[in-house]
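Engineer: Pasting the sequence and the predicted coordinates here, then a few questions.
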Amino acid sequence: MIHTYLGETISFNVLYKKRKSIGIYIDSYGNVEVQAPKDTPDKKVIEVLEINWELILQKANEMKERLRGPKERAYEFGETFLYLGSSYPIQISHDESIQQDQVVLKKDCLNIIVKQLDDERIQQALKRFYYQQCKAIVEKSIKKYQSNFKVKPSSIRITDSKTNWGTCDSKRQLTFNWKLAMAPQQVIDYVVVHEMCHLIHMNHDRSFWRLVGKIIPDYKERENWLALSSWKMTV
């Protein structure tokens with residue numbers, strides 16, 4: 001079926017099942033499926049769609065964009081980068097007198113100040129900013145949750161991992177991916193707690209997940225944010 005509302009058109013499938021209410025589901029390809037109780041009038045299906053219209057469009061577009069993968073970055077005014085889950089446009093300034101390129105977080109943008117207007121310098125300045133911010137945010141999060149643990153990490157490092165958001169080794173060394181600074185605070189907290197739980201349980205056994213769930217009851221939702229949004233966390 002196809003429906004147009006508020007100037008936007010979407011196609012969707014309707015599946016009638018033995019259920020009590022109407023549910024809307026969006027798969028990993030951005031396809032929309034409406035599951036409805038048997039004998040539900042089309043008018044009622046459309047009504048539920050329109051009530052949830054903006055959210056459906058947002059989620060479907062996110063899934064389709066995710067399939068296209070990370071876009072090539074443009075280091076120019078207006079390009080947006082994530083920081084703590086929010087998108088900030090960048091503003092670039094040229095100042096030959098500064099000792100080191102820097103990024104200053106403002107209320108409405110990321111102000112990048114470089115000695116030379118060069119894409120690689122801008123990119124490296126952004127990475128350095130995320131490394132520094134990630135270290136501070138992670139350390140603050142560890143302090144926040146330390147009361148839940150009798151053991152403390154021996155060290156905290158920020159690295160550029162291609163496969164992990166965080167790790168904990170047998171020496172109690174915690175390592176975190178610098179890109180975490182792009183995620184919402186509650187997602188960072190989950191990754192921190194996840195690795196701190198490995199200070200007690202090195203494996204992902206039942207005891208480990210029970211401890212994670214005790215401290216972060218909605219950890220699956222936070223984990224899901226990373227699964228769905230990590231493709232956007234690029235510099």
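Structural biologist: Nice, thanks for sending it over. Numbering: from 1, shown residues only.
Engineer: Any buried residues in stretch 158-175, and which?
Structural biologist: Neighbour counts over stretch 158-175 (16 or more other CB atoms under 10 Å) mark 158, 165-168, 174-175 as buried. No exception for glycine: its C-beta is placed from N, CA and C like everyone else's.
Engineer: now that stretch, how far from the centre of its chain.
Structural biologist: 18 Å (CA atoms, centre = their mean, to the nearest Å).
Engineer: quick one: contacts of it?
Structural biologist: With CB atoms under 8 Å, 6 or more residues apart in numbering as the test, stretch 158-175 has contacts from 131, 134-135, 138, 142, 151-157, 176-180, 191-192, 194-196, 198-199, 202, 226.
Engineer: Can you give me the end-to-end span of that stretch?
Structural biologist: One end of stretch 158-175 to the other measures 6 Å (CA to CA, to the nearest Å).
Engineer: can you check stretch 210-225 too?
Structural biologist: Start-to-end, stretch 210-225 (CA to CA) is 20 Å.
Engineer: about what we covered before: cross the contacts of stretch 158-175 against strands and list the overlap.
Structural biologist: 155-157, 176-177 (DSSP state E).
Engineer: Where neighbours are concerned, which of those has the most?
Structural biologist: Phe176 (27 neighbours; other CB atoms under 10 Å).
Engineer: Give me the distance between it and Cys168.
Structural biologist: 10 Å (CB to CB, to the nearest Å).
Engineer: Need the overlap of contacts for these two.
Structural biologist: With CB under 8 Å, 6+ apart, Phe176 and Cys168 have common neighbours Glu195.
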